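Asker: Structure of the sequence below:
(one chain, ligands or ions: 2)
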Amino acid sequence: MRTIAIMNQKGGVGKTTSSVNIAAGLTRQGRRVCLLDLDSQGNSSAHLGIDLNASMSTIYQVFSGQKRLQEVKQLVKKNLWIVPANIDLAAVEVELVDAQGREFILKRAIESFVQQMAGNEFDYIIMDCPPALNTVTINALTAATEMFIPVQPHYLSLQGLSRLLETTALIKRRLNRNLTITGMMLCLYETGTRLAADVTDDLIRFLEESDPSSPWAKARIFKSRIRRNIRLAEAPSFAQSIFEYAPDSAGAHDYANLIEEIIADEARFKLQIPQAA
Ligand SMILES: Nc1ncnc2c1ncn2[C@@H]1O[C@H](COP(=O)(O)OP(=O)(O)O)[C@@H](O)[C@H]1O
Ligand SMILES: [Mg+2]
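Answerer: Ligands and ions are numbered 1, 2, ... in the order given. Presented below is the predicted three-dimensional model:
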(Lines give C-alpha, C1' and ligand atoms only; values in the text may rest on other atoms or scores of the structure.)
(Ligands and ions follow the chains in the order given, each with its own letter.)
Protein backbone atom coordinates (compact mmCIF):
# COMPACT_ATOMS: atom_id res chain seq x y z
CA MET A 1 0.00 0.00 0.00
CA ARG A 2 1.20 3.51 -0.79
CA THR A 3 0.30 6.22 1.68
CA ILE A 4 0.61 9.62 0.06
CA ALA A 5 0.14 13.06 1.61
CA ILE A 6 -0.62 15.82 -0.88
CA MET A 7 0.71 18.85 0.89
CA ASN A 8 1.65 22.48 0.47
CA GLN A 9 0.83 24.98 3.19
CA LYS A 10 -0.08 27.49 0.50
CA GLY A 11 -3.78 27.52 -0.34
CA GLY A 12 -5.14 27.39 -3.87
CA VAL A 13 -2.24 25.47 -5.43
CA GLY A 14 -4.22 22.38 -6.49
CA LYS A 15 -4.02 20.04 -3.46
CA THR A 16 -7.70 19.16 -3.47
CA THR A 17 -8.10 19.07 -7.24
CA SER A 18 -5.08 16.77 -7.46
CA SER A 19 -6.16 14.56 -4.53
CA VAL A 20 -9.62 13.93 -5.96
CA ASN A 21 -8.58 13.45 -9.56
CA ILE A 22 -5.55 11.30 -8.78
CA ALA A 23 -7.72 9.13 -6.50
CA ALA A 24 -10.47 8.83 -9.11
CA GLY A 25 -7.98 8.25 -11.92
CA LEU A 26 -6.22 5.46 -10.03
CA THR A 27 -9.52 3.63 -9.55
CA ARG A 28 -9.97 3.66 -13.33
CA GLN A 29 -6.75 1.64 -13.48
CA GLY A 30 -8.18 -0.92 -11.07
CA ARG A 31 -6.56 0.47 -7.92
CA ARG A 32 -8.53 0.58 -4.68
CA VAL A 33 -8.18 4.00 -3.15
CA CYS A 34 -9.17 5.59 0.13
CA LEU A 35 -9.05 9.39 0.17
CA LEU A 36 -8.70 11.03 3.57
CA ASP A 37 -10.05 14.57 3.61
CA LEU A 38 -7.90 16.35 6.21
CA ASP A 39 -9.09 19.88 5.56
CA SER A 40 -11.86 21.30 7.74
CA GLN A 41 -13.19 23.05 4.65
CA GLY A 42 -14.23 19.62 3.37
CA ASN A 43 -13.50 20.51 -0.26
CA SER A 44 -12.60 17.02 -1.41
CA SER A 45 -15.61 15.57 0.43
CA ALA A 46 -17.88 18.05 -1.35
CA HIS A 47 -16.13 17.36 -4.66
CA LEU A 48 -17.09 13.71 -4.30
CA GLY A 49 -20.70 14.51 -3.52
CA ILE A 50 -20.72 14.29 0.27
CA ASP A 51 -23.32 16.63 1.80
CA LEU A 52 -21.35 18.60 4.38
CA ASN A 53 -24.51 19.70 6.16
CA ALA A 54 -25.74 16.19 6.76
CA SER A 55 -24.96 14.76 10.17
CA MET A 56 -22.35 12.08 9.73
CA SER A 57 -19.15 10.79 11.18
CA THR A 58 -16.00 12.38 9.85
CA ILE A 59 -12.26 12.29 10.35
CA TYR A 60 -12.82 14.50 13.40
CA GLN A 61 -14.24 11.52 15.29
CA VAL A 62 -11.06 9.63 14.47
CA PHE A 63 -8.84 12.39 15.83
CA SER A 64 -10.95 12.69 18.95
CA GLY A 65 -10.83 8.93 19.54
CA GLN A 66 -14.57 8.30 19.17
CA LYS A 67 -14.49 6.29 15.94
CA ARG A 68 -12.15 4.19 13.89
CA LEU A 69 -11.31 4.91 10.26
CA GLN A 70 -13.19 1.84 9.10
CA GLU A 71 -16.35 3.19 10.74
CA VAL A 72 -16.26 6.57 9.03
CA LYS A 73 -15.23 5.68 5.48
CA GLN A 74 -17.85 5.91 2.78
CA LEU A 75 -17.87 4.25 -0.62
CA VAL A 76 -18.44 6.97 -3.22
CA LYS A 77 -17.62 5.23 -6.47
CA LYS A 78 -16.39 1.83 -7.50
CA ASN A 79 -13.07 1.24 -5.68
CA LEU A 80 -13.10 4.74 -4.17
CA TRP A 81 -13.74 5.43 -0.51
CA ILE A 82 -13.62 8.76 1.26
CA VAL A 83 -13.20 9.60 4.89
CA PRO A 84 -14.94 12.97 4.91
CA ALA A 85 -14.12 16.12 6.84
CA ASN A 86 -16.11 19.14 7.85
CA ILE A 87 -15.67 22.19 10.03
CA ASP A 88 -15.58 20.02 13.18
CA LEU A 89 -11.99 19.17 12.28
CA ALA A 90 -10.89 22.72 13.11
CA ALA A 91 -11.43 21.94 16.82
CA VAL A 92 -8.65 19.34 16.78
CA GLU A 93 -5.96 22.01 16.88
CA VAL A 94 -7.20 23.23 20.25
CA GLU A 95 -8.40 19.95 21.70
CA LEU A 96 -5.13 18.15 21.12
CA VAL A 97 -2.76 20.92 22.04
CA ASP A 98 -1.47 19.16 25.16
CA ALA A 99 -2.27 15.57 24.24
CA GLN A 100 0.65 13.20 24.45
CA GLY A 101 1.48 11.41 21.22
CA ARG A 102 -0.84 13.67 19.29
CA GLU A 103 1.40 13.47 16.19
CA PHE A 104 0.74 9.74 15.85
CA ILE A 105 -3.07 9.56 15.99
CA LEU A 106 -3.56 9.18 12.26
CA LYS A 107 -0.64 6.79 11.86
CA ARG A 108 -2.09 4.48 14.52
CA ALA A 109 -5.57 4.76 13.03
CA ILE A 110 -4.24 3.70 9.62
CA GLU A 111 -2.25 0.84 11.12
CA SER A 112 -5.28 -0.56 12.90
CA PHE A 113 -7.38 -0.07 9.76
CA VAL A 114 -4.89 -2.06 7.68
CA GLN A 115 -4.58 -4.75 10.30
CA GLN A 116 -8.33 -5.18 10.47
CA MET A 117 -8.52 -5.58 6.71
CA ALA A 118 -5.96 -8.38 6.85
CA GLY A 119 -4.39 -8.21 3.42
CA ASN A 120 -7.49 -6.84 1.78
CA GLU A 121 -6.46 -3.25 2.20
CA PHE A 122 -6.40 -0.43 -0.26
CA ASP A 123 -3.66 0.00 -2.80
CA TYR A 124 -3.48 3.71 -2.05
CA ILE A 125 -4.34 6.01 0.81
CA ILE A 126 -4.30 9.60 -0.36
CA MET A 127 -4.44 12.46 2.11
CA ASP A 128 -5.69 15.89 1.07
CA CYS A 129 -3.94 18.19 3.55
CA PRO A 130 -5.09 21.57 4.84
CA PRO A 131 -3.25 24.77 3.82
CA ALA A 132 -1.37 24.98 7.13
CA LEU A 133 1.51 23.34 8.97
CA ASN A 134 -0.78 22.38 11.84
CA THR A 135 -1.38 19.29 14.00
CA VAL A 136 -3.48 17.61 11.33
CA THR A 137 -0.77 18.14 8.73
CA ILE A 138 1.92 16.84 11.07
CA ASN A 139 -0.26 13.75 11.56
CA ALA A 140 -0.50 13.30 7.80
CA LEU A 141 3.26 13.60 7.31
CA THR A 142 3.88 11.24 10.22
CA ALA A 143 1.49 8.65 8.77
CA ALA A 144 2.58 8.95 5.14
CA THR A 145 5.45 7.24 3.42
CA GLU A 146 5.30 9.60 0.49
CA MET A 147 4.59 13.23 -0.08
CA PHE A 148 3.50 14.88 -3.32
CA ILE A 149 3.84 18.65 -3.40
CA PRO A 150 1.68 20.62 -5.79
CA VAL A 151 3.41 23.82 -6.82
CA GLN A 152 2.02 26.70 -8.77
CA PRO A 153 4.84 28.13 -10.89
CA HIS A 154 5.03 31.63 -9.37
CA TYR A 155 8.01 33.19 -7.62
CA LEU A 156 6.21 33.45 -4.31
CA SER A 157 5.50 29.72 -4.35
CA LEU A 158 9.20 28.97 -4.17
CA GLN A 159 9.56 31.00 -0.98
CA GLY A 160 6.91 28.96 0.79
CA LEU A 161 8.44 25.81 -0.58
CA SER A 162 11.74 26.06 1.31
CA ARG A 163 9.80 26.44 4.54
CA LEU A 164 7.77 23.35 3.70
CA LEU A 165 10.90 21.37 2.87
CA GLU A 166 12.59 22.36 6.13
CA THR A 167 9.52 21.29 8.10
CA THR A 168 9.45 18.02 6.20
CA ALA A 169 13.09 17.40 7.02
CA LEU A 170 12.32 17.99 10.68
CA ILE A 171 9.36 15.61 10.64
CA LYS A 172 11.48 13.00 8.91
CA ARG A 173 14.17 13.31 11.59
CA ARG A 174 11.91 13.38 14.59
CA LEU A 175 8.71 11.53 13.70
CA ASN A 176 8.83 9.54 10.49
CA ARG A 177 12.07 8.21 9.06
CA ASN A 178 10.12 6.55 6.24
CA LEU A 179 8.91 9.77 4.67
CA THR A 180 10.05 10.48 1.11
CA ILE A 181 9.13 13.40 -1.08
CA THR A 182 8.29 11.54 -4.26
CA GLY A 183 7.68 14.53 -6.44
CA MET A 184 6.42 17.97 -7.12
CA MET A 185 3.47 18.48 -9.39
CA LEU A 186 3.28 21.65 -11.41
CA CYS A 187 -0.35 22.69 -11.16
CA LEU A 188 -2.29 25.60 -12.63
CA TYR A 189 0.45 25.72 -15.24
CA GLU A 190 0.17 28.59 -17.70
CA THR A 191 1.56 27.23 -20.94
CA GLY A 192 3.40 29.67 -23.11
CA THR A 193 4.39 32.07 -20.34
CA ARG A 194 7.99 32.92 -19.50
CA LEU A 195 7.18 32.98 -15.80
CA ALA A 196 6.03 29.36 -15.63
CA ALA A 197 9.06 28.18 -17.61
CA ASP A 198 11.50 30.28 -15.53
CA VAL A 199 10.12 29.14 -12.19
CA THR A 200 10.17 25.55 -13.37
CA ASP A 201 13.84 25.93 -14.32
CA ASP A 202 14.60 27.41 -10.90
CA LEU A 203 12.88 24.51 -9.23
CA ILE A 204 14.82 21.97 -11.27
CA ARG A 205 18.09 23.71 -10.39
CA PHE A 206 17.13 23.89 -6.72
CA LEU A 207 16.51 20.13 -6.60
CA GLU A 208 19.69 19.35 -8.49
CA GLU A 209 21.79 21.45 -6.12
CA SER A 210 20.20 20.14 -2.93
CA ASP A 211 22.07 18.24 -0.23
CA PRO A 212 21.94 14.51 -1.08
CA SER A 213 20.94 13.69 2.50
CA SER A 214 17.83 15.88 2.41
CA PRO A 215 14.43 14.19 2.14
CA TRP A 216 13.85 15.91 -1.20
CA ALA A 217 17.17 14.85 -2.73
CA LYS A 218 15.44 12.15 -4.76
CA ALA A 219 12.31 14.19 -5.39
CA ARG A 220 11.57 14.90 -8.97
CA ILE A 221 9.25 17.15 -10.82
CA PHE A 222 6.58 15.03 -12.41
CA LYS A 223 6.84 15.39 -16.18
CA SER A 224 3.11 15.81 -16.58
CA ARG A 225 2.21 19.42 -16.00
CA ILE A 226 -1.32 20.18 -14.98
CA ARG A 227 -2.37 23.07 -17.15
CA ARG A 228 -4.87 25.64 -16.03
CA ASN A 229 -8.13 24.30 -17.38
CA ILE A 230 -11.55 25.63 -16.49
CA ARG A 231 -13.12 22.15 -16.63
CA LEU A 232 -11.10 21.22 -13.53
CA ALA A 233 -12.66 24.12 -11.66
CA GLU A 234 -16.16 23.24 -12.86
CA ALA A 235 -16.14 19.51 -12.07
CA PRO A 236 -16.65 19.85 -8.27
CA SER A 237 -20.08 21.48 -8.70
CA PHE A 238 -21.19 18.31 -10.45
CA ALA A 239 -19.68 16.01 -7.82
CA GLN A 240 -17.63 14.41 -10.56
CA SER A 241 -13.98 13.80 -11.21
CA ILE A 242 -12.53 15.30 -14.36
CA PHE A 243 -12.68 11.87 -16.00
CA GLU A 244 -16.47 11.80 -15.66
CA TYR A 245 -17.14 15.47 -16.13
CA ALA A 246 -14.94 16.24 -19.13
CA PRO A 247 -13.05 13.14 -20.27
CA ASP A 248 -11.69 14.88 -23.38
CA SER A 249 -10.50 18.02 -21.64
CA ALA A 250 -6.89 19.11 -21.18
CA GLY A 251 -7.42 18.57 -17.45
CA ALA A 252 -8.38 14.92 -17.91
CA HIS A 253 -5.47 14.43 -20.29
CA ASP A 254 -2.94 15.99 -17.88
CA TYR A 255 -4.13 14.04 -14.83
CA ALA A 256 -4.21 10.80 -16.85
CA ASN A 257 -0.56 11.35 -17.76
CA LEU A 258 0.35 12.10 -14.17
CA ILE A 259 -1.39 8.91 -13.05
CA GLU A 260 0.70 6.92 -15.52
CA GLU A 261 3.81 8.34 -13.87
CA ILE A 262 2.45 7.49 -10.42
CA ILE A 263 1.69 3.93 -11.47
CA ALA A 264 5.13 3.61 -13.05
CA ASP A 265 6.57 4.17 -9.55
CA GLU A 266 4.64 1.29 -7.97
CA ALA A 267 7.50 -1.19 -8.23
CA ARG A 268 9.89 1.26 -6.59
CA PHE A 269 7.44 1.62 -3.70
CA LYS A 270 6.88 -2.15 -3.61
CA LEU A 271 3.21 -2.05 -4.41
CA GLN A 272 1.96 -5.22 -6.04
CA ILE A 273 -1.34 -5.11 -7.83
CA PRO A 274 -3.00 -8.50 -8.23
CA GLN A 275 -3.55 -9.32 -11.91
CA ALA A 276 -7.27 -9.74 -11.40
CA ALA A 277 -7.71 -6.19 -10.11
N1 LIG B 1 -5.39 23.06 -13.23
C2 LIG B 1 -6.41 23.85 -12.86
N3 LIG B 1 -7.04 24.63 -13.74
C4 LIG B 1 -8.05 25.45 -13.38
N5 LIG B 1 -8.50 25.57 -12.12
C6 LIG B 1 -7.90 24.82 -11.17
C7 LIG B 1 -6.83 23.92 -11.47
N8 LIG B 1 -6.43 23.33 -10.33
C9 LIG B 1 -7.21 23.83 -9.36
N10 LIG B 1 -8.10 24.72 -9.85
C11 LIG B 1 -9.06 25.53 -9.11
O12 LIG B 1 -8.31 26.42 -8.28
C13 LIG B 1 -8.88 26.52 -6.99
C14 LIG B 1 -7.88 26.03 -5.94
O15 LIG B 1 -7.58 24.65 -6.19
P16 LIG B 1 -7.61 23.58 -5.01
O17 LIG B 1 -7.35 22.26 -5.64
O18 LIG B 1 -8.85 23.72 -4.21
O19 LIG B 1 -6.34 24.06 -4.18
P20 LIG B 1 -5.92 23.75 -2.66
O21 LIG B 1 -6.59 22.49 -2.25
O22 LIG B 1 -4.43 23.66 -2.72
O23 LIG B 1 -6.38 24.93 -1.86
C24 LIG B 1 -10.15 25.69 -7.03
O25 LIG B 1 -11.22 26.54 -7.34
C26 LIG B 1 -9.91 24.71 -8.17
O27 LIG B 1 -11.12 24.31 -8.79
MG1 LIG C 1 -7.83 22.07 -0.59
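
Asker: Grab the nearest non-local neighbour of the residue of the chain found nearest ligand 2.
Answerer: Here the chain gets closest to ligand 2 at one residue, Thr16, 3.3 Å apart by Cβ to the ion. Just so you know, the C-beta spots here come from the backbone N, C-alpha and C atoms, and that holds for glycine as well. Ranked by Cβ to Cβ, 6 or more residues apart in numbering and with sequence neighbours excluded, the top spatial neighbour of Thr16 is Asn43, at 4.4 Å.

Asker: show me the contacts for that neighbour.
Answerer: By Cβ atoms under 8 Å, 6 or more residues apart in numbering, the residues touching Asn43 are Thr16, Asp37, Asp128, Pro236.

Asker: Dihedrals phi and psi, it?
Answerer: Backbone geometry at Asn43, expressed as degrees, to the nearest 10, gives phi -60, psi -40.

Asker: Arg174: what's it in contact with?
Answerer: Neighbour list for Arg174: empty [criterion: Cβ under 8 Å, 6+ apart].

Asker: Which parts of the stretch 1-150 of the chain are strands?
Answerer: Taking DSSP state E, counting those that start in this stretch as the criterion, the stretch 1-150 of the chain carries its strands at 2-6, 33-37, 74-77, 80-83, 124-128, 146-151.

Asker: possible to save the ones you listed as CSV with mean neighbour count and distance to Gln272?
Answerer: Below are these laid out as CSV (neighbours: other Cβ atoms under 10 Å; distance: least, Cβ to Cβ, whole Å):
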stretch, mean neighbour count, distance to Gln272
strand 2-6, 25, 11
strand 33-37, 28, 16
strand 74-77, 16, 23
strand 80-83, 25, 20
strand 124-128, 27, 13
strand 146-151, 24, 16
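
Asker: which residues of the chain fall in helices?
Answerer: 15-28, 43-47, 59-63, 69-72, 92-95, 105-117, 135-143, 155-174, 194-208, 230-234, 242-245, 250-264 (DSSP state H).

Asker: So for Ala217, which of the ones you listed sits nearest?
Answerer: helix 194-208 (8.0 Å; Cβ to Cβ).
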